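S.K.: Provided below are the primary sequence and the corresponding predicted coordinates.
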Amino acid sequence: MTQLRDAETEACPHGPGAQGAYEQTPRTTATRYQSRVDYDRAAVHAVLDEALVCHLAFVVDGGPVVLPTVHARIGDRLYVHGSSGGRFSSLDGRPVGVTVTLHDALVLARSWFHHSVAFRSVVVHGTARVVADPAERLDAMRALIDHIAPGRTAESREPTRKELASTAILAVDLEQVSLKSRGDNVVDDEEDLALPYWAGSIPLAVTAGVGKPSPDLRDGIDAPGYARHYVRPRACDHEH
C-alpha cells in the first residue's frame with residue numbers, strides 16, 4: 001500500500017491544508033461497510049488531488065448519463081472540464097454526482113468470493129454551477145492544467161477567446177462528500193485457510209515512461225522535469 005504523508009505538514013498545491021471533517025448526511029451515509037467510510041477533509045482531498053480522471057453523473061431526459069473527464073480542486077470546490085457544445089452547459093443548477101477511484105492493490109483470496117481490490121474512492125453529491133466569471137474560469141483552467149502536470153501553465157500559453165468560448169467548466173462545492181476505502185488485507189473463511197492456494201495482494205501504482213517529444217518540436221527545447229520523470233503529486237496526502 002502507498003505510504004501517505006500528513007497533509008497538515010505540507011502545503012497543498014490547490015489550497016491551504018485541510019482540517020476537520022465533512023458533515024455526514026443521509027446521502028453520504030453508506031448502506032454497507034460503514035466502517036470503511038470516512039469524512040476527513042484531508043483524506044478526501046488527497047484522493048481528489050491524486051486521481052487523474054473523475055466520472056460525472058447526471059440525468060438527461062429521465063435517463064442516467066455518466067461521463068469521464070478531468071477535474072481539479074481549489075479548496076472546498078471541485079472544477080470539472082467539458083465542452084460548451086456538449087451537455088455540460090445545460091447542467092447549471094442541476095444535481096450531479098462526481099466519483100473518483102484509486103486502485104492500490106489487487107487482493108487475491110483462496111476463494112472466488114473473497115477476491116477484492118484495495119481502493120480509495122470519493123463520492124461527491126452537489127449542484128452544478130456553470131462558471132461564467134472570467135477570472136474564476138481562468139483560475140479553474142489553470143488548476144485543471146496544473147492538476148495534470150504541476151507547473152505546466154507557466155510553460156504553455158493561455159487560452160484564446162475562441163478557446164475559452166468552446167470550453168465549459170462546472171463548479172461543484174464539496175459539501176456532501178464521503179470517502180470509502182479498503183486495505184490490502186485478505187479476508188478468507190477460516191475453513192479455507194488450509195487450502196493449497198496462494199493468497200495475498202499485488203500492489204498497483206500509476207507509472208509513466210519518459211516523455212516523448214512531438215516530432216515538430218523546435219530545436220533546443222528541453223523536456224521539463226515532469227516530462228522526464230512524471231509522478232502524480234502527493235503533497236496533499238493524509239495518513240488514512
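M.R.: Great, that's in hand. Everything numeric here is computed off the predicted structure, so don't read it as measured data.

S.K.: list the buried residues of the lengthiest helix in the chain.
M.R.: If each helix of the chain is counted by residues according to DSSP state H, the longest one is helix 134-148. Judged by neighbour count (16 or more other Cβ atoms under 10 Å), helix 134-148 contains these buried residues: 136, 137, 138, 139, 140, 141, 142, 143, 144, 145, 146, 147. Just so you know, the C-beta spots here come from the backbone N, C-alpha and C atoms, and that holds for glycine as well.

S.K.: ok, the fourth one touching residue 72?
M.R.: Going back to what we said before, that points to residue 139. No: under the criterion of Cβ atoms under 8 Å, residue 139 is not in contact with residue 72, lying 9.8 Å apart.

S.K.: C-terminal to the helix or strand where residue 66 lies, what's the next element?
M.R.: Using DSSP states H and E, the secondary-structure element containing residue 66 is strand 63-69. Heading C-terminal from strand 63-69, the first helix or strand you meet, by DSSP H and E, is strand 71-74.

S.K.: starting from the longest strand seen in the chain, tell me which strands it pairs with and how they run.
M.R.: In terms of residue count, the longest strand belonging to the chain (DSSP state E) is strand 95-108. Using DSSP bridges, the strands paired with strand 95-108 are strand 54-60 (antiparallel), strand 116-127 (antiparallel), strand 200-203 (antiparallel).

S.K.: list phi and psi for the residue of the chain most remote from its centre.
M.R.: When distances to the mean C-alpha position of the chain are computed (Cα atoms, centre = their mean), the maximum falls on residue 194, with 39.5 Å. Summarising the backbone geometry of residue 194 under the convention degrees, to the nearest 10, its torsions are phi -90, psi 0.

S.K.: ok, residues contacting the longest helix of the chain?
M.R.: With contact meaning Cβ atoms under 8 Å, 6 or more residues apart in numbering, helix 134-148 is reached by 13-14, 49, 52, 70-74, 79, 81, 131, 152-153, 156, 158-159, 164, 167, 169, 171.
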